[in-house]
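Trainee: Structure for the following, please:
(chains A and B)
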Amino acid sequence: MSSFSDDPDQFRSEVATFIAEKCPQKLKVMPANERSICWGGKRFKFSCDEQRIWMENAASVGLTAPRWPVEYGGAGLNRTQEKVFREEMAKARAPSPLESFGLWMLGPALLAFGTHEQKLKYLPDITNGRVRWCQGYSEPGAGSDLASVQTRADDKGDHWVVNGSKIWTSYANHADWIFALVRTDRDAPKHKGISFMLIDMEADGVSTKPIKLISGASPFCETFFDDVVVPKTDEQGNSRIVGELNRGWDVAKHLLTHEREMIGGGGSGGAAGILGGRSLGAFIGSLDETIMQDAVIRSETMELEIDTLAMGMTLERYKDMAKQGGVGHASAMLKYSGTELNKRRYEILMSITGSEGVEWDGEHGTLAPEWLRTKANSIEGGTSEVMLDILSKRVLELPSS
Amino acid sequence: MVASLVPTEDEVMLRDAARGFLQESSPVSAFRANRDAGRAYDPGLWKEMAQMGWTGVLLPEGAGGSEMGHRAAGILSEEMGEVLAASPFISTAVMAATALKGAANDRLAGIADGSAIYALAVDEGSKHAPERTGLRAEKSGNAFKLTGRKVFVADGTSASRVLVLARTGGTVGEAQGLTLFDIDADRARLTRTAKRTVDERDHAQLDFDGVEATGDDVVGEVDGGIAAIATALNAGRAALSAELLGVSAGAFGMTTAYLKERKQFGRIIGTFQALQHRAAHLFAEIEITASAIANAGRMMDEDPENADLATSIAKARATKTAKLAVSEGVQMHGGIGMTDEFDMGFFMKRARVGAEWLGDYGYHANRVAKARGF
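Mentor: Numbers count the residues shown, from 1 in each chain, chains lettered A, B, ... in the order given. Modelled structure (predicted):
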């Protein structure tokens, strides 16, 4: 049973009251940036006590995972209620109580492909912020060709032995567990011998090495598996494989679509850090007024604003289409256009802020590292070129050579 | 309750019916035949549109309309754009119907039954600018005398009535002091000169040499012309954007079909990644523009007084997307795309005229900037 009323008006007032009472005021006025995100996990250092309190308060009623079923630690909200919740959160300027790859990726995979027991075991630890997951997909040298997985899990009777390495594993050095694509059948065709495996990062033979990026930050790691023993089942008899053995590609594909929609989503709401809920116009208004008198800057900014608003409408339209039966491969459009738009937005923000914008820690906070970070948008989760391939082959049905 | 941007069942049915009818009665070959015959539109087709209720799409039932709304009008416009069906639909059934919304039913009945064709005479220079109206309406007693010139009047030669924006006060460039008149197109001292435009549709220059009008001809209030016409212009922009989306889709459909059949160097050209990625990019642009157009129709239906931003986003996006679609259409077709014998040029020429009518990209980008606080 959800903790909230089914009546729409009452629901809105209940969540509004909950946010007002349970989200500490300090968090509502804290600037949103990389440092203000609550990731949870065994080793997570909360930026302040209020951050922990808000996460625990939200988790206690399932609001860290609003749509997930109550029995798995969610709030059991429907789509409309979730929208109301997000609206009230925005109104109160309350930050998200918890973000994680568990919430974004593993949870949806388990909900779609896991057994009831697997869900009971893993999902509540995610919603409570107790366990932090990372995603082990890409491998060195493989680039966008995700299905060319070389990391292997050899069958040793009651356990697997995993060897190989992953790259671009986000925050692997902070994660407690990893969900990874591993090759469990080396004789099967490329897409058929892959399994979706859950591995404890504390297991012997797992190590990580952060990769320093052009933004100065190290959100990604290399992750190494050196004779890592993974039991086939845990003490409760749960398989460490999600979905069927050798059918991990199905799970991965499902998640990739999900990931593309999510990354594309940044197209309308991105730059939250620097804009802080303000419109681009309001941000510009806070700067030297002569900046917008420059014809080129003005023209580029107007064009960006039009495309941003139209992208927001497109996300809304595609969400409704998804509700009514799905958008299929056309979701690659959201990923492509959303990320390219976000890169453009940051280029313009850098141009508008001029010499102040290029300071690492100047008046505009983390703008420079954010700008550099956007360059990965059109690479991670499938490059723009891969998205265009998908659109041309699967949506436009142009022939392969 | 805010409507979804996904079409309703009724709207899907309307689209299917419109598509079926237009493919049958008005394929692009019909436009070519009209062009070759020097005919800007086909009156027979217009009559059929009226019989199907298209002309009454925005009118109340009392006036013989179906009051389906602006989204429905957009769907019809888009379908017409896709096959380049030429008609006075936007001038008459969308803009005049909106401007005359409060008028008596018998005045609207002429629009609904297709007997009245309206033209909107607003612009006087090469760029859309209603407030730059200089055509004078001088008052004498209860009457007015209209003197001046209007250009780029769509459907101006075929119109039976003209909605003309005239200056009754203030100075050129001011939004105040304008008055909208609804007059007979055959009124004395009004000369209409056809201007051949690249899209081969009806555009005219209207010269008013002391044309007489009375207080009964005034739509809305004297000196309140901008208020009287603003919503009608936005309605026209929403519908024209939808037409341009249809033009984009029509050109794009021809192009993707060609990519799948044309061989060069022993290969189907659609296998070349250089072309695949450009086609996929164009698909993305068309999809995003389609959202802006659905949103403009929704705003016109739900909150027409506050639709400047929505209609300007739609018109700006539609203008840019259509330009890309027709340019890529010609380029990807190669030499044949340049020939008159082939249809792609028709799409390119309509996209250019549509880009200018009711405000170009810059006009609407400036309105967006204003609405968004910069």
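Trainee: Go ahead and confirm A:Glu303 touches B:Asn366.
Mentor: No - if you go by CB atoms under 8 Å, A:Glu303 and B:Asn366 don't touch, sitting 11.5 Å apart. No exception for glycine: its C-beta is placed from N, CA and C like everyone else's.
Trainee: which non-adjacent residue is nearest the residue of chain B found nearest chain A?
Mentor: Closest residue of chain B to chain A, CB to the nearest CB: B:Gly373 (3.1 Å). In space, and not counting its chain neighbours, B:Gly373 is closest to A:Gly281: 3.1 Å by CB to CB, 6 or more residues apart in numbering or on different chains.
Trainee: what's near enough to touch whichever residue of chain A sits closest to chain B?
Mentor: Nearest residue of chain A to chain B: A:Gly281, at 3.1 Å (CB to the nearest CB). Contact analysis of A:Gly281 by CB atoms under 8 Å, 6 or more residues apart in numbering or on different chains lists A:305, B:369, B:372-374.
Trainee: Identify the residues contacting residue 258.
Mentor: Unless you meant another one, I'm taking chain A. The contact partners of A:His258, taken as CB under 8 Å, 6+ apart, are A:104-105, A:108.
Trainee: my bad, the chain I had in mind was chain B
Mentor: The neighbours of B:Tyr258, taking CB under 8 Å, 6+ apart as the test, are B:269, B:332-333.
Trainee: change it to 7 Å
Mentor: Contacts for B:Tyr258 (CB atoms under 7 Å, 6 or more residues apart in numbering or on different chains) come out as B:332-333.
Trainee: likewise the one 10 residues further on?
Mentor: When contacts are counted by CB under 7 Å, 6+ apart, B:Ile268 touches A:399, B:260.
Trainee: Chain A: helices as residue ranges?
Mentor: Using DSSP state H, the helices of chain A run over A:8-22, A:25-29, A:49-60, A:79-92, A:101, A:107-113, A:116-127, A:248-269, A:272-275, A:280-285, A:295-323, A:331-357, A:367-374, A:384-390.
Trainee: So for the third one, mean pLDDT?
Mentor: Computed over helix A:49-60, the mean pLDDT rounds to 95.
Trainee: Just the buried residues of it, please?
Mentor: Buried residues in helix A:49-60, defined by neighbour count with 16 or more other CB atoms under 10 Å in any protein chain shown: A:50-55, A:57-59.
Trainee: Quick check: which of those residues are also close to chain B?
Mentor: Checking those against chain B by CB under 7 Å from any CB of the partner chain, not one of them is in range.
Trainee: before we move on, the earlier item: out of the contacts of A:Gly281, flag the one nearest to B:Ala251.
Mentor: A:Glu305 (26.6 Å; CB to CB).
Trainee: so that closest one touches A:Phe283, yeah?
Mentor: No - under the criterion of CB atoms under 7 Å, A:Glu305 is not in contact with A:Phe283, lying 11.2 Å apart.
Trainee: so how far does stretch A:189-200 reach from one end to the other?
Mentor: With CA to CA, to the nearest Å as the measure, stretch A:189-200 spans 28 Å from end to end.
Trainee: Quick one: mean pLDDT over it.
Mentor: The average pLDDT within stretch A:189-200 is 94.
Trainee: Using neighbour counts, pick out the buried residues of it.
Mentor: Buried, per 16+ other CB under 10 Å, within stretch A:189-200: A:191, A:193-200.
Trainee: Also stretch B:168-180?
Mentor: Within stretch B:168-180, the residues scored as buried using 16+ other CB under 10 Å are B:168, B:177-180.
Trainee: Those residues in strands, which ones?
Mentor: Using DSSP state E, B:178-180 are the members of those that sit in strands.
Trainee: and those residues as a markdown table, adding pLDDT?
Mentor: Shown next, in a markdown table, are these (pLDDT from 0 to 100):
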| residue | pLDDT |
| --- | --- |
| B:Leu178 | 97 |
| B:Thr179 | 97 |
| B:Leu180 | 97 |
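Trainee: any idea which element B:Thr255 lies in?
Mentor: Using DSSP states H and E, B:Thr255 sits in helix B:225-261.
Trainee: wait, does whatever helix or strand comes next after that helix contact chain A?
Mentor: Using DSSP H and E, the helix or strand that directly follows helix B:225-261 along the chain is strand B:263-264. No - contact of strand B:263-264 with chain A (CB under 7 Å from any CB) is absent, the minimum separation being 10.9 Å.
Trainee: Direction included, what does strand B:263-264 pair up with?
Mentor: Here strand B:263-264 is paired, per DSSP bridges, with strand B:267-268 (antiparallel).
Trainee: next helix or strand past the strand it pairs with?
Mentor: Assigned by DSSP H and E, the successor of strand B:267-268 is helix B:273-302.
Trainee: Is that following helix in proximity to chain A?
Mentor: Yes - using CB under 7 Å from any CB, helix B:273-302 comes into contact with chain A via B:276-277, B:279-281, B:283-284, B:287-289, B:291-292, B:294-295.
Trainee: Between helix B:225-261 and that helix, find me the angle.
Mentor: 150 degrees (axes from the mean of the first three to the mean of the last three CA atoms, to 10 degrees).
Trainee: tell me which residues in the helix or strand containing B:Asp209 are buried?
Mentor: In this assignment (DSSP H and E), B:Asp209 forms part of strand B:202-214. Of all the residues in strand B:202-214, those buried under the rule 16+ other CB under 10 Å are B:202-208, B:211, B:213.
Trainee: that older thread, doesn't the residue of chain B closest to chain A lie inside a helix?
Mentor: No - counting by DSSP: H, G, I helix; E, B strand; the rest coil, B:Gly373 is not part of a helix but coil.
Trainee: Where does pLDDT dip in chain A?
Mentor: Scanning chain A for pLDDT under 70 picks out A:1-2, A:34, A:260-278.
Trainee: Kindly report the residues of it close to chain B.
Mentor: For chain A, the contact set with chain B under CB under 7 Å from any CB comprises A:279-282, A:284-285, A:292, A:302-303, A:305-306, A:309-311, A:313-314, A:316-317, A:320-321, A:324, A:333, A:336-337, A:385, A:388, A:391-392, A:395-396, A:398-401.
Trainee: Is it possible to mark the buried ones in these?
Mentor: For the residues of chain A next to chain B, a burial check counting by 16+ other CB under 10 Å picks out A:280-281, A:284, A:292, A:302-303, A:305-306, A:309-311, A:313-314, A:316-317, A:321, A:333, A:336-337, A:388, A:391-392, A:395-396, A:398.
Trainee: Right, I'll leave it there.
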